[in-house]
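Q: compute the structure for the input listed below.
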Amino acid sequence: MTTFLTFLLVFLLAWPLGLYIARFMRGERTFLDFLNPVERLFYRLMGVKFNPGGEAQGMDWRGYAKALLFSNLLVGLVAFLIYVFQAGLPFNPDHIANMPWYLALNTAASFITNTNWQNYSGQSQLSYLSQMVGITALQIMTPAAGMAAMFALLRGLMGGQSVNGGPAQPGNLGNYFVDITRLTTRLLVPMAFVLAILLTWQGVPSTFSGAKTAQLVVPQTVTVQGKAQTVTTQSLPVGPVAALVAIKQIGTNGGGWYGPNSAVPLENPTPLSNLLECISIILIPVALVFALGSFLRRPRFGVMIIGVMALLNAVLTFSTIMAERAPNPALAGLAAAGPNLEGKEVRFGADATALWASLTTSTSNGSVNGMHDSFSALGGAIPQINMFLNDIYGGLGVGFINMFLFVVLTVFIAGLMVGRTPEIFGRKIEVREMKIASLVILLQPLLILGLTAVSLAVPSITGNLNPGFHGLSEVLYAFNSMYANNGSAFAGLGTGASVWYNVAGACELVVARFLPIIGPLAIAGLLSVKRVAPETSGTLRVDTPIFATTLLTVMLLLQLLNFAPALVLGGVSEQLVGAAPAAKPAATAPAPATQYASRPVPSGVPK
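A: So this is what the prediction gives:
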């Protein structure tokens, strides 16, 4: 029932929200036009130049890509400096120490790429200034950058941006700084503000005071430096948590205030807050698909894209829920039969946790309300598949950009099959476009499988807490998550203090974020200057059920060929071994390496 209610509310809200997004991105009047003076102030600060008609000067794909890269890397440098010098900066009431350089590098790379992979625990390793400026501010800017790139791509498919209502200008993809300003002031900030108020109402902390002290109901005895001590109080770190959680969910960011993320009651205290946060994960990603059909004035194309995404999401979500409803084989004979509750909040249960896991990996959100490392073998493999596909809704804007690459590839293959020059919306797809699309698609298995292989080949840097098949899945999941700009993790992988995972991860994060954006931008720029061929009875239409089926087939076959061996060596093998009847070992024999009675969770859990 919760699953059905979540999807129903998402689609009911996403359709009008998508139409609203399309309107303000076309420059049409909306109810937030009173923000125009504020936006013009930002334009002046960013040096935006305007034509005599009052329209901002557009950029070609190279200019747009340069603006996106420079602004993100500049902000990332500022965030890095805040992290490494936070001990001496203001808003540090708990006297948090400076962050090590390699961890600061990974964190800065993570948050400028909308990944929010957390190799730290925010409540103990970041000051309030770092949380607000180095984390929350980047969680506003980076999703805006992804959405801006999507609308630049759409303008390229339309032949360029129209100026003052005139014809489209070939090569003009719009102005990056105008796009991110509008998306920030008219979408992200208002929605995050409303959600933050609702979460504060539900009990999420929203304060600048230091940590609170709570009296324990039952005193605990702990050993400190060899001496037993009785503890009667507990320190509870708080802060402006609601604001961060709101933009974390709305912006498909996922980086939480606390290490265990939305599994912590302070981030997610009630069933209503869980529903609100769950809806927020995919609300804007779904709305953007509705927006692209309206923006292109091709609603059938938008329906085709939403149909493919929704079908994949429904099948994989159902599969995740069913996998987690099955009993945990490691507890066979030790507990009553029931769903797999290891690593889950009892107040949410298996279904709500599995739903969240599917939605957070169908987008680039990555927030969690349970530990994916404790999912069953198949339950943990399905979020891997979501991220391998990387375009089921996806990150804000970037989800469709990734899908666009598969659309280009499908158009090319289908065109060859019917003996026609491949074209999309009347513009021919030629050698240069196919080279770019192919290289970007091949980048994914190269980085994920290559870095996984290196990590597993060198035991001193592997760092996984589980042996065998599950240990392989932990490493694979980490690099898969970083490539997909997701940020969730199998918590059994100790990456926080590892120079290898922090530095290699930072490199993968930056490459996997910006090349898959710049490549499609280049394709859009090349297409925008081409002549439009007239549509005939032989034109391949990209808004039909037949094309949707072909697109779905191409996506699944390609990603299956790329990643099926890795999945078989990980989750599938773990499932097969766990499901097989176990022979009784000798009294002195060790337990099989693939039996996991429990999986420890380190204190600094990635999101």
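
Q: and the helix or strand hosting residue 300, what's buried?
A: Element membership for residue 300 (DSSP states H and E) is helix 299-325. Across helix 299-325, burial judged by 16 or more other CB atoms under 10 Å covers 301-302, 304-306, 308-310, 312-313, 316-317, 319-321, 323-325. Bear in mind the C-beta positions are built from the backbone N, C-alpha and C, glycine included.

Q: and for stretch 352-360?
A: Going by neighbour count (16+ other CB under 10 Å), the buried part of stretch 352-360 is 352-360.

Q: of the residues you listed, closest to residue 102?
A: The nearest member of the buried residues of stretch 352-360 to residue 102, counting by CB to CB, is residue 360 at 26.4 Å.

Q: thought the closest one was touching residue 281?
A: Yes. Between residue 360 and residue 281 there is a contact at 5.7 Å, judged by CB atoms under 8 Å.

Q: shared neighbours, the two?
A: Shared contacts of residue 360 and residue 281, defined by CB atoms under 8 Å, 6 or more residues apart in numbering, comprise residue 367.

Q: could you report the neighbour count for residue 237?
A: Residue 237: 18 surrounding residues under other CB atoms under 10 Å.

Q: cool, the one 3 residues further on as well?
A: Summarising burial for residue 240: neighbours were counted as other CB under 10 Å, giving 20.

Q: could we number from 527 for the rest of this?
A: Sure, I'll start numbering at 527, so the last one becomes residue 766.

Q: and it, how far is that from residue 667?
A: 18 Å (CB to CB, to the nearest Å).

Q: hang on, the earlier thing: what's the helix holding residue 826 packed up against?
A: helix 528-551, helix 797-822, helix 875-888, helix 903-915, helix 924-944, helix 1071-1093 (3 or more CB pairs under 8 Å, 6 or more residues apart in numbering; DSSP states H and E).

Q: counting residues, which strand of the protein comes out longest?
A: Counting by DSSP state E, the longest strand found in the chain is strand 738-750.

Q: mind giving me the packing neighbours of it?
A: Applying 3+ CB pairs under 8 Å, 6+ apart, we find strand 738-750 packed against strand 753-762.

Q: mind listing the strands the longest strand of the chain pairs with, and their directions?
A: Strand pairing for strand 738-750, using DSSP bridges, gives strand 753-762 (antiparallel).

Q: buried sites along the strand it pairs with?
A: So, applying 16+ other CB under 10 Å, strand 753-762 has no buried residues.

Q: show me what the helix or strand just after that strand is in contact with.
A: As assigned by DSSP H and E, the chain's next helix or strand after strand 753-762 is helix 767-776. For helix 767-776, the external contacting residues (CB under 8 Å, 6+ apart) are 642, 657-658, 661-662, 665-666, 714, 717-719, 721-723, 725-726, 730-732, 779-784, 788, 792-794, 803, 806-807, 809-810, 891, 893.

Q: for the spatially most central residue of the chain, which non-adjacent residue is closest in space?
A: For the chain, the residue nearest the mean C-alpha position is residue 890 (1.3 Å; CA atoms, centre = their mean). Distance criterion CB to CB, 6 or more residues apart in numbering; nearest residue to residue 890, sequence neighbours excluded, is residue 921 at 3.2 Å.

Q: distance check, that neighbour against residue 777.
A: Residue 921 sits 9 Å away from residue 777, going by CB to CB.

Q: same check on residue 638?
A: The span separating residue 638 from residue 777 equals 13 Å under the rule CB to CB.

Q: in terms of neighbours, single out the busier of these two.
A: Using other CB under 10 Å, the more surrounded residue of residue 638 and residue 777 is residue 777, with 31 against 26.

Q: quick one: low-confidence ranges for the stretch 1027-1133 of the chain?
A: Along the stretch 1027-1133 of the chain, the parts satisfying pLDDT under 70 run over 1105-1133.

Q: try 90
A: Applying pLDDT under 90 to the stretch 1027-1133 of the chain picks out residues 1057-1068, 1086-1087, 1097-1133.

Q: how about the strands in the stretch 927-1076 of the chain?
A: Applying DSSP state E, counting those that start in this stretch to the stretch 927-1076 of the chain gives strands spanning 949-950, 953-954.

Q: quick check: neighbours shared by residue 921 and residue 777?
A: 640, 669.

Q: list of residues touching the longest strand of the chain?
A: Identification of contacts with strand 738-750 by CB under 8 Å, 6+ apart yields 754-762, 764.

Q: distance to residue 530 and pLDDT added to the residues you listed, as JSON lines?
A: Putting the contacts of strand 738-750 into JSON lines (distance: CB to CB, whole Å; pLDDT from 0 to 100) gives the following:
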{"residue": "754", "distance to residue 530": "52", "pLDDT": "87"}
{"residue": "755", "distance to residue 530": "50", "pLDDT": "86"}
{"residue": "756", "distance to residue 530": "49", "pLDDT": "89"}
{"residue": "757", "distance to residue 530": "45", "pLDDT": "88"}
{"residue": "758", "distance to residue 530": "46", "pLDDT": "87"}
{"residue": "759", "distance to residue 530": "44", "pLDDT": "88"}
{"residue": "760", "distance to residue 530": "39", "pLDDT": "84"}
{"residue": "761", "distance to residue 530": "41", "pLDDT": "84"}
{"residue": "762", "distance to residue 530": "36", "pLDDT": "84"}
{"residue": "764", "distance to residue 530": "35", "pLDDT": "86"}
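
Q: now for those: which two are most distant?
A: Checking these with CB to CB, the most distant pair is 754 and 764, at 29.6 Å.

Q: rewinding a little: out of the strands of the stretch 927-1076 of the chain, nearest to residue 1007?
A: Nearest to residue 1007, of all the strands of the stretch 927-1076 of the chain, is strand 949-950, at 30.9 Å by CB to CB.

Q: which helices and strands sit right next to the closest one?
A: When contacts are defined as 3+ CB pairs under 8 Å, 6+ apart, strand 949-950 packs onto helix 924-944.

Q: restricting to C-alpha, output stretch 629-648 in PDB.
A: Extracted in PDB, the C-alpha atoms of stretch 629-648 (Å, rounded to 0.1, in the frame of the first residue of the first chain):
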ATOM      1  CA  LEU A 629      39.300  12.800   2.500                       C
ATOM      2  CA  ALA A 630      38.600  16.500   1.700                       C
ATOM      3  CA  LEU A 631      39.500  15.900  -1.900                       C
ATOM      4  CA  ASN A 632      37.100  13.000  -2.200                       C
ATOM      5  CA  THR A 633      34.300  15.000  -0.400                       C
ATOM      6  CA  ALA A 634      34.800  18.000  -2.600                       C
ATOM      7  CA  ALA A 635      34.800  15.900  -5.800                       C
ATOM      8  CA  SER A 636      31.700  14.000  -4.500                       C
ATOM      9  CA  PHE A 637      29.700  17.100  -3.800                       C
ATOM     10  CA  ILE A 638      30.500  19.000  -7.000                       C
ATOM     11  CA  THR A 639      29.300  16.000  -9.000                       C
ATOM     12  CA  ASN A 640      25.900  15.600  -7.300                       C
ATOM     13  CA  THR A 641      27.200  12.200  -5.900                       C
ATOM     14  CA  ASN A 642      27.500  13.000  -2.200                       C
ATOM     15  CA  TRP A 643      29.500   9.800  -1.500                       C
ATOM     16  CA  GLN A 644      30.300  10.200   2.200                       C
ATOM     17  CA  ASN A 645      33.500   8.700   3.500                       C
ATOM     18  CA  TYR A 646      32.900  10.600   6.700                       C
ATOM     19  CA  SER A 647      30.300  11.000   9.400                       C
ATOM     20  CA  GLY A 648      29.000  14.500   9.200                       C
END
